[in-house]
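S.K.: quick check, what structure comes out for this input:
(chains A and B)
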Protein chains: 2
Amino acid sequence: MENSKVLVVGGTGYIGRRIVRASLAHGHRTFILMRPEIGLNIDKLQLLLSFKAQGALLVEASMEDHRSLVAAVKQVDVVVSAISGRHFLLQIKLVEAIKEAGNIKRFLPSEFGIDPARMGHALEPGRITFDEKMEIRRAIEEASIPHTYVSANCFAAFFVPNLSQMRTLLPPKEKVHVYGDGNVKVIFMDEDDVATYTIKSIDDPRALNKTIYLRPPENILSQNELIAKWEKLSGEVLERIPIPSDEFLASMEGTDITNQMAVGHFHHIFYEGCSTNFDIGEDGEEASLLYPEVRCTRMEDYMKRYL
Amino acid sequence: MENSKVLVVGGTGYIGRRIVRASLAHGHRTFILMRPEIGLNIDKLQLLLSFKAQGALLVEASMEDHRSLVAAVKQVDVVVSAISGRHFLLQIKLVEAIKEAGNIKRFLPSEFGIDPARMGHALEPGRITFDEKMEIRRAIEEASIPHTYVSANCFAAFFVPNLSQMRTLLPPKEKVHVYGDGNVKVIFMDEDDVATYTIKSIDDPRALNKTIYLRPPENILSQNELIAKWEKLSGEVLERIPIPSDEFLASMEGTDITNQMAVGHFHHIFYEGCSTNFDIGEDGEEASLLYPEVRCTRMEDYMKRYL
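M.R.: From the prediction side, this is the model:
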């Protein structure tokens, strides 16, 4: 069987560029949607050109031009969207194009986080992320488009080297804020591994119309375990400052909407344990069980880059 | 003689990242200033981490903290700044730190364009670029800091594939605007070559206290020659629409300041020929004569990436 042809939407983004690389590495004929919005963004353009030099095909189309989207979709078998959070709802246009084209064997919308189907109780204003993902899911399912949802949990770069501190991406030097007792289990994933699991799933009948949960056992860690790993690597001991749940939530007040969204998401992850506090049911599969051959990056190795 | 140790300021920027790569490739111990302004910019941070993985050293310092800058500068022999245009004047802080440190054998301020010393007549509002570069030059020379200025002329990505059209980075498909008769000679440079020549010059006594002009003969082309090269490569013939000088200048009116600056710069380059309308004097050297071993990218090859 020939490898599926894959169209990546959002292929210059943080996770999209990794999905493009994984797709090329796995031997898929890889197409990348090139939207007029690229404009004068030389970095994004040069990234696209570097993918082209590696064999990807750039397909010009606009989310505002249905005909161009249908034409793009008709060239491939699988569509993977990694469009950024600000533009989730644009994917309605993509769903409409896929429906009309009628040839797509699998569509993966932009998810790659906490499972939105379990976040009906999420806090405002951060819940918009989950609500919009659910809106896209409903459109996909109403159009009977074969799909896979990827629940990737926490991207390492944003949660691990900073020991899950907010408003920084760098390791703390003296003190570390600990959420509650710091013992809630959280799933941390190397972003390239997210892309690898994603590409592994696109042709897999076991992933058809299911959610793939990225949950390698060694990547399930509490914040305390994360801190201990960093202290061991760095040889430094950090002062731990616990933050009670209500105090953390109150820190949202009077701050900008980005911070309010972040506080809500951190609360769900680090106090409520929303990435780990459920069993995967009939409608899901666990990626590290499906693809045991993937050598998943462990967080102590991820952290070493920051030493 | 051991290779000089190089500190790059602005090492995640468009030209700075290429200078870091060239410095590493030429075997220099390479330091990159890591400023607190990196904040939550994950792309810049990951670029720095990738340089670190290749052997570069990240040095934390702030332009607002003189002591930290002096400490950074004291670790190296050469400082190359590729700080972005918006922040040119911040380099005054760097000059002060280099002066106090007293150990720097060569400083290259952020230039990499048209020689500002020849742009005393430049149009408002774009002349600010040249004026600020001259202000930094004066500070360097008043502090008697050994220096080299790099006049790199026109970066290919911004002037070549778009056939020097404004407001796009992509090749035109049917029509092309031609500046005047299209016969004014302009110098176009591959950005990686700019970085290579820059790094070649940092230890070269012939470049001490001089301006290095990047002027490889084969990279001196008129807009008409550029268009002809693209037509040959693409197999397409474009309709040429000439724009008289006064009409082009008038296009500045009522537009935003970025466009006004661009129109002024384009006018100097494509009507006045400011990159080629002078001979290099006693205070300058031509890079392709100094370093004939550099295999400079020709514009027909540069354009092929866009086919």
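S.K.: make it CA atoms for all contacts and neighbour counts henceforth
M.R.: Noted.
S.K.: what about the residue lying closest to residue A:305 once chain neighbours are set aside, how many residues close to it?
M.R.: Computed as C-alpha to C-alpha, 6 or more residues apart in numbering or on different chains, the closest residue to residue A:305 that is not its neighbour in sequence is residue B:49, at 6.7 Å. The tally of other residues near residue B:49 (other C-alpha atoms under 10 Å in any protein chain shown) stands at 17.
S.K.: wait, isn't residue B:49 in contact with residue A:304?
M.R.: No. Taking contacts as C-alpha atoms under 8 Å, residue B:49 lies outside contact range of residue A:304: 10.4 Å.
S.K.: just to revisit the earlier point, so for the residue nearest to residue A:305, what pLDDT did the model give?
M.R.: Residue B:49 carries a pLDDT value of 98.
S.K.: would you verify that it is located in a helix?
M.R.: Yes. Per DSSP: H, G, I helix; E, B strand; the rest coil, residue B:49 lies within a helix segment.
S.K.: up against chain B, what does chain A have?
M.R.: For chain A, the contact set with chain B under C-alpha under 8 Å from any C-alpha of the partner chain comprises A:14, A:39-40, A:42-43, A:49, A:53, A:157, A:167-169, A:305-306.
S.K.: average pLDDT across the top helix by length along chain A?
M.R.: When chain A is parsed with DSSP state H, its longest helix is helix A:127-142. For helix A:127-142, the mean per-residue pLDDT is 98.
S.K.: and for stretch A:86-96?
M.R.: For stretch A:86-96, the per-residue pLDDT averages 97.
S.K.: buried stuff in that stretch?
M.R.: A:88, A:91-96 (16 or more other C-alpha atoms under 10 Å in any protein chain shown).
S.K.: which residues are contacting that stretch?
M.R.: Here stretch A:86-96 makes contact (C-alpha atoms under 8 Å, 6 or more residues apart in numbering or on different chains) with A:63-64, A:66, A:69, A:109-110, A:132-133, A:135-136, A:139-140, A:143.
S.K.: select only the buried ones of the residues you listed in PyMOL?
M.R.: A single PyMOL command selects the buried members of these (16+ other C-alpha under 10 Å):
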select buried, chain A and resi 63+66+69+109+110+132+133+136+140
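S.K.: quick one, strands of chain A?
M.R.: A:6-9, A:30-34, A:57-60, A:78-81, A:106-108, A:148-151, A:154-155, A:175-179, A:185-189, A:210-213, A:220-222, A:239-243, A:284-286 (DSSP state E).
S.K.: among those, which is the most enclosed?
M.R.: strand A:6-9 (a mean of 27; mean count of other C-alpha atoms under 10 Å in any protein chain shown).
S.K.: elements contacting that one?
M.R.: For strand A:6-9, the packing partners by 3 or more C-alpha pairs under 8 Å, 6 or more residues apart in numbering or on different chains; DSSP states H and E come out as helix A:16-25, strand A:30-34, strand A:78-81.
S.K.: show me what that strand pairs with in its sheet, parallel or antiparallel.
M.R.: strand A:30-34 (parallel), strand A:78-81 (parallel) (DSSP bridges).
S.K.: and those strands as JSON lines, adding distance to residue B:269 and mean pLDDT?
M.R.: What follows is the strands paired with strand A:6-9, written out as JSON lines (distance: least, C-alpha to C-alpha, whole Å; pLDDT from 0 to 100):
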{"stretch": "strand A:30-34", "distance to residue B:269": "30", "mean pLDDT": "98"}
{"stretch": "strand A:78-81", "distance to residue B:269": "42", "mean pLDDT": "98"}
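S.K.: pipe those into CSV and attach distance to residue B:3 per row.
M.R.: Below are the strands paired with strand A:6-9 laid out as CSV (distance: least, C-alpha to C-alpha, whole Å):
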stretch, distance to residue B:3
strand A:30-34, 42
strand A:78-81, 47
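S.K.: just the terminal-to-terminal distance for stretch A:168-184.
M.R.: From its first residue to its last, stretch A:168-184 covers 21 Å (C-alpha to C-alpha, to the nearest Å).
S.K.: for stretch A:185-199, same thing?
M.R.: Start and end residues of stretch A:185-199 are separated by 26 Å (C-alpha to C-alpha).
S.K.: for that stretch, what does the pLDDT average out to?
M.R.: For stretch A:185-199, the mean pLDDT works out to 98.
S.K.: ok so, going back, state the distance from the residue nearest to residue A:305 to residue B:169.
M.R.: Counting by C-alpha to C-alpha - residue B:49 and residue B:169 are separated by 29 Å.
S.K.: and residue A:164, by the same measure?
M.R.: Separation of residue A:164 from residue B:169 (C-alpha to C-alpha) stands at 39 Å.
S.K.: so residue A:244 sits against residue A:177, correct?
M.R.: No. Here residue A:244 does not reach residue A:177: they are 10.3 Å apart, not a contact under C-alpha under 8 Å.
S.K.: hang on, the earlier thing: what two of the residues of chain A next to chain B are the furthest from one another?
M.R.: A:53 and A:167 (36.3 Å; C-alpha to C-alpha).
S.K.: would you point out which residue is most central in chain A?
M.R.: By C-alpha atoms, centre = their mean, the mean C-alpha position of chain A lies nearest to residue A:112, the distance being 2.4 Å.
S.K.: find the nearest non-adjacent residue to that one, please.
M.R.: Nearest residue to residue A:112, sequence neighbours excluded (C-alpha to C-alpha, 6+ apart): residue A:152, at 4.5 Å.
S.K.: give me phi/psi at that neighbour?
M.R.: phi -90, psi -10 (degrees, to the nearest 10).
S.K.: pick out whichever of residue A:164 and residue B:169 has more residues nearby.
M.R.: Legend: neighbour count by other C-alpha under 10 Å for residue A:164 and residue B:169, higher for residue A:164 (25 against 21).
S.K.: so what's that one up against?
M.R.: Counted by C-alpha under 8 Å, 6+ apart, residue A:164 has contacts A:158, A:223.
S.K.: and residue A:117, by the same measure?
M.R.: Residues in contact with residue A:117, defined by C-alpha under 8 Å, 6+ apart, are A:130, A:134.
S.K.: how far away is it from chain B?
M.R.: Distance from residue A:117 to chain B, counting by C-alpha to the nearest C-alpha, to the nearest Å: 28 Å.
S.K.: just the pLDDT at that residue, thanks.
M.R.: As summarised for this prediction, residue A:117 has a pLDDT of 98.
S.K.: same question, residue A:203
M.R.: 96.
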